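Engineer: got a predicted model here, sequence first, then my questions.
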Amino acid sequence: MADSGADTAPWPDDAIEVGIIIDAWGVKGWFKVRAFSVDPKALFSSKRWLLKPPETPGPRAVVSTASLPPLLKIVAAKDHGDLVVAQAQDVVDRPGAEALRGARVFVPRASFPTAGPDEYYWVDLVGLAVVNREGEHLGEVVDLIDTGPHSVLRVAASGVTAEADQRLIPFVAAFVDAVSLPERRITVDWGLDY
């Protein structure tokens, strides 16, 4: 299913999980992918998808991880409603596509398209320190929540795991003054007592 050179390719340090293969699509080897982003730019920008087996195999997941190729060379990918459908070079029929079911899809961060001005990938924001205008440390970004109209930063102090002890800060210009990826810091208009 995959070429022999793919088996020896090293796993990139910057590999980011971007989706999961959920099923076959049609009879010519196409398969459906549920992207983890509303805008699956990373899937479309990379022609080499790295695969790992599911963390917890379900009843419809890959039956044999031994047959799961570590790499797919993508020849076509397109939007299909809420999903992405794709075709890989060495997956030529429905059984081949079904054998991928449940596989986790990764792409190197370096292959993501360049973000526009004042645009950020979530993966780049997670782990950044959050400080307010007074320079007080509010914690670090542990996750983002997509609310539809905008994203919300989920910020926690080191070692805090309880959601009740985390801050939710809307990721909008009214509250976010600056994002500095080189300094790994976000400055916000947010008080310690909010």
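Structural biologist: On my side now, so go ahead. These numbers were taken from a predicted model, which means no experiment stands behind them.
Engineer: which SSE is immediately downstream of the helix or strand of the chain with the lowest mean pLDDT?
Structural biologist: Least confident helix or strand, the chain: helix 4-7 with a mean of 44, by mean pLDDT, DSSP states H and E. Sequence order places strand 15-24 as the next helix or strand after helix 4-7, per DSSP states H and E.
Engineer: how about that next one: buried residues?
Structural biologist: Buried residues in strand 15-24, defined by neighbour count with 16 or more other C-beta atoms under 10 Å: 16, 18-22, 24. C-beta: built from backbone N, CA, C; applies to glycine.
Engineer: tell me the domain ranges of this protein?
Structural biologist: Structural domains annotated on the chain: 9-111, 122-188, as defined by automatic domain parsing.
Engineer: average pLDDT for the shortest one, rounded please.
Structural biologist: So that's domain 122-188. Averaging pLDDT along domain 122-188 yields 91.
Engineer: same check, this time on stretch 48-58
Structural biologist: 85.
Engineer: pipe the buried residues of strand 15-24 into JSON lines and attach distance to residue 141 and pLDDT per row.
Structural biologist: Converted to JSON lines, these look like this (distance: C-beta to C-beta, whole Å; pLDDT from 0 to 100):
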{"residue": "16", "distance to residue 141": "16", "pLDDT": "92"}
{"residue": "18", "distance to residue 141": "19", "pLDDT": "94"}
{"residue": "19", "distance to residue 141": "22", "pLDDT": "94"}
{"residue": "20", "distance to residue 141": "24", "pLDDT": "96"}
{"residue": "21", "distance to residue 141": "29", "pLDDT": "97"}
{"residue": "22", "distance to residue 141": "29", "pLDDT": "96"}
{"residue": "24", "distance to residue 141": "37", "pLDDT": "97"}
